[in-house]
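> no FASTA, just this:
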Ligand code: HEA
Ligand code: HEA
Ligand code: CUA
Ligand SMILES: [Cu+2]
């Protein structure tokens, strides 16, 4: 950690500015008006730099505004009826070109240093590939210490239930409210503490070890941003960007972030949640995940249509409803309710295929969902909302198609 | 500065056309200027209305009025309408009215092309806004452009809604309009100056517009190139922005920001010119450092070509590139600082009064400086990694655009309305407009710095709970600021309908320049034979 | 004759009428493109007629507009100053065209020097290569894209070299014509300008030939990856400009025959000539960076 004068000033200032300095693991005392101090060393340096720069520009601003104010008071016509006639002064003009230039250099030097540090992704112990999807994050653990083929991956989606965020007061008409017409006018549910930040499967990383994130995207540009880790990196389809974080030991806890590049409708609905755990805990967790991954996909058939529907409804709500509507009425995606595609048997094959492989703006769910979930959701789509095709898709059917 | 030796009365060799024909077929720079200004104001209201929808949705967490898809359309079209519909045409309108008057020319150099530049705009915006109306009255489908005013690929190419193609062609039309308008300005300035009006005697507004016009001609075609590549990527199978074909989505950003950054200076340089006219008038003291103002403007314009990637610090550029763009961006503060200090020095030991134009101008200097200083913070790359795409950026650019560009247009209107309409703007309404705007604009945009720093990303339809308090006040400030603009509407209507106090040829005692030598309102034809400037 | 008074033209309906034409062209064009390239999603077929109607309307308006201008010019209403305005206007217009091409040249350089090497793992993009495009080999021309589309590269020394010679020659013949214009030698002027127009037409013919060859035999198409994209957009926009330039020169040729120009009063002629030289220079750049290197 850096311990320059600026840094100490920054830390002092921050504790002044943020009442009860945010304990890293709890956003309960989340900053609501200044940059978060951060938990990694670089984040703290960035924070220090921010405070330095903020001070410099505030002082410059106050100087300029002070001069204007003095002039406005002292050089009013009532106080100062005959204006001076000077309109040039080479010395002054050179002076106020050079001094700002020097101030700029004073800022550029530490900025350059921190930038170089941020750029260095070498010597990491854990490598995680982060993939942005519309609108969820996928995490794939590639290497950990000597293990070059970890093979653990999962998808992480928003866990805040729609009842909490859909509180429409209007429906249709001039300001179309697309997703939850049936909730119009119902009183909003209380919002959880971590409203719009919590996810179903958080990213898990160890403390005290350098983690390298390989950030990419499957569709449009997203941006991977955890403020406490000190910056964002765009997830660009077709390219891999690198960034890193080293959370010091003793700072275990939960950190939050958000997608920071406009990626379409649910840009605001794809948060990031990171559990930082001790190395021991991490190893246990990883071992368990590996075990799960090694097990063959669960292909036990559903016992009944209802059993499949029950699973399917959940999968649908958390994965498909965003685009295809809460009630299959369509939106960004095509409608299912009453649609031939989801009823007529000749489209059954294609239905499975589209969900697995994606099509145009429709993402591929192969690898994101298990065969069992996919079978369930397709069954659901073909039977819910009065579709009643009676089709029961089994995990086996999906697995074959894969 | 310059004085007029022989201000000529106009001899009307063609009679001023009347009725509808006067406005539709005009070749008169004043009428075309008026058209531009009203158009700009209409777009300001339209874009402001969309901002009100944004603010209504964000007044508290949760989705209450619109769905996120429509929210994105509002953000996008708000930005586009304000930038291409309100600010740019507004300044072109001022250029039309003022440049010929200021340099003693009878009109713009190419009057018919001038009218064409204008008439393209209403049609271009018909195309753009029709998709919003369809979307608003339909059910979110067909969707209006929803990819931000920066329309990054592939969100706007592979994933763009059908209206993207309409958007692309309307941007082409706006580009044609701007380029023709800019050519007209440059040629007018180079070729139609009255005898004796040397370049270094020109009012700064003319200088800043000359440089702005150069920027426009240089970068609007690049924007045209960018949208053309989008169009071919969308429909003709090209792979400019698709890695699978050997392209790169980031290529789009480079092309866009090569246009986009000079674009933001296009929106501020004329404002500098306006303030440089108003402050000396009301300080009753010559502008400090005329020559350094000219050089500073030119430096800003030149530097603006080599800083574009400061909008893209997070895309993963090579370190050397990042550093280059950081240094260059920081450097722009130096010439801008020169301008700010010159304005302060102009006021210093002047004999100031605070009529409405001066109020707006001083407000501009202060609030623009605030916006500029936050711009400097954004330029510090490692910290921009935190600021980027948060409300801190939104705060920055509204300070430079709203309390920068838009406020100078208000200043200009209060300053020159007497010349345009022959009427003094209503003082009571004007004061109400000013004070309400001044307070509400800060309530609206200042807390955005806080939520931005605390981590609220921009273009978010819904947000986490710690941002709730400030957002509430931001929205209140937004509605207040929006309603305050109705006072301005009233002021303009009152002048247009010739109600109130008549203006003299030179209503401001400290004013200088050729435009004050002609009667108020300025006659249909001015300077038929050139005045001689000593 | 030229006058000393400022000339402010009469008000004119053409700007507004032309804007309506532009509106129809753009509005129809957007739908035409959609309906033509993606008929499954975009129903209807009114885009095409509206587009062509708008285009015809636009060009007709511009023709009428210019007719008025020419009439005024012939009527001696234009001042010397207006002539200078026109000339400056034309030069700035050409500058804007330079910037338009600049966008595509910029894209070309960015692609060659940065994107393709990065996709191949250069710089800090080792992981891009390893994780996403492991089979991709960086090369230029990009005859095999990361996605696997293959094509052939267009060589420089066949048709393109001939075309270069043609355009260079046309620049020379045009310059000769220019001197003839200034010297008042009508016969020479008409002869050399006619040759220039002819060369322009031959160039275009060969260009079409080359495109057909590319499409039918080389697999070099618009959708063959970034190499094809850049190749066709750069040469295509250049070709479009040659077409406009040829028409421009043909029109001024007719006006020369009608005796509209002399050593002083020749703005339209010179504008056409400048435009031609600009198109020529663009080609030289194209030849070097698109075909040759
Ligand atoms: C009128 C428009 C305008 C103007 C004038 C500016 C001016 C500046 N802008 Fe701004 N900017 C925008 C409009 C504008 N900007 C917009 C619209 C965006 C967002 C686009 C989008 O993403 O949608 C943006 C975004 C933006 C970013 C990207 C942020 C991000 O997305 O992460 C950056 C980063 O460097 C930046 C920097 C600057 C700088 C350094 C200046 C400088 O020119 C400011 C210079 C002025 C001063 C510094 C103040 C006065 C000087 C002194 C008093 C002298 C003494 C001072 C010192 C030497 C310290 N701007
Ligand atoms: C010059 C340009 C300009 C101007 C003047 C404004 C003016 C305003 N802007 Fe805008 N803004 C941009 C340029 C501009 N903006 C850009 C480029 C973006 C980025 C877009 C993007 O992300 O792609 C943006 C984005 C943007 C956002 C972020 C959206 C998001 O990230 O999701 C917000 C949010 O509050 C906002 C608010 C406002 C408000 C409240 C005003 C107010 O100043 C408007 C006030 C005016 C009126 C309200 C109209 C007049 C009054 C009436 C018509 C009477 C009726 C009034 C009421 C009913 C109250 N703007
Ligand atoms: Cu993903 Cu925004
Ligand atoms: Cu910029």
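Good, I have the coordinates. Everything numeric here is computed off the predicted structure, so don't read it as measured data. Ligands and ions are numbered 1, 2, ... in the order given.
> residue A:309 in helix, strand or coil?
helix (DSSP: H, G, I helix; E, B strand; the rest coil).
> what is the burial count for it?
Residue A:309 has 19 neighbours, counted by other C-beta atoms under 10 Å in any protein chain shown. Where C-beta positions appear, they are placed from N, C-alpha and C, glycine not excepted.
> chain neighbours aside, what residue packs nearest to it?
residue A:380 (5.5 Å; C-beta to C-beta, 6 or more residues apart in numbering or on different chains).
> okay, and residue C:33 sits in which element?
helix C:14-37 (DSSP states H and E).
> Validate this expectation: the residue nearest to residue A:309 resides in a strand.
No - with three-state DSSP as the criterion, residue A:380 is helix rather than part of a strand.
> re earlier: right, and the helix or strand after the helix holding residue C:33?
helix C:47-74.
> so does the very next helix or strand once past that next one get close to chain B?
Helices and strands here follow DSSP H and E; after helix C:47-74, the next one along the chain is helix C:80-110. Yes - for helix C:80-110, a contact with chain B is found by C-beta under 8 Å from any C-beta of the partner chain, at C:81-82, C:84-86, C:88-89, C:92-93, C:95-97, C:99-100, C:102-104, C:106-107, C:110.
> of these, grab the buried ones for ChimeraX.
Listed next is the ChimeraX selection for buried residues among the residues of helix C:80-110 next to chain B, using 16 or more other C-beta atoms under 10 Å in any protein chain shown:
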select /C:81,82,84,85,86,88,89,92,93,95,96,97,99,100,102,103,104,106,107,110
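> of the residues of helix C:80-110 next to chain B, list those near ligand 2.
Among the residues of helix C:80-110 next to chain B, no residue lies close to ligand 2 (C-beta under 6 Å from any ligand atom).
> how about residue B:59, nearest residue that isn't a chain neighbour?
residue B:475 (4.0 Å).
> what's the answer for residue C:19, then?
Using C-beta to C-beta, 6+ apart, the nearest residue to residue C:19 is residue B:119, at 3.9 Å.
> in the stretch 101-250 of chain C, what residue lies closest to ligand 1?
residue C:103 (19.5 Å; C-beta to the nearest ligand atom).
> that residue: what's it in contact with?
Applying C-beta atoms under 8 Å, 6 or more residues apart in numbering or on different chains to residue C:103 gives the contacts B:221, B:222, B:224, B:225, B:226, B:229, B:255, B:258.
> and the helix or strand hosting residue A:102, what does it pack against?
Following DSSP H and E, one finds residue A:102 within helix A:90-119. Judged by 3 or more C-beta pairs under 8 Å, 6 or more residues apart in numbering or on different chains; DSSP states H and E, helix A:90-119 is in contact with helix A:41-74, helix B:319-331, helix B:333-347, helix B:381-387.
> check which residues of it are buried.
A:93, A:96-97, A:100, A:103-104, A:107-108, A:110-112, A:114-115, A:118-119.
> quick one, what contacts residue 248?
You didn't pick a chain, so chain A it is. A:39, A:40, A:41, A:207, A:208 are the contacts of residue A:248 under C-beta under 8 Å, 6+ apart.
> not quite, go with chain C.
If you count contacts by C-beta under 8 Å, 6+ apart, then residue C:248 has C:271, C:272, C:275, C:276 around it.
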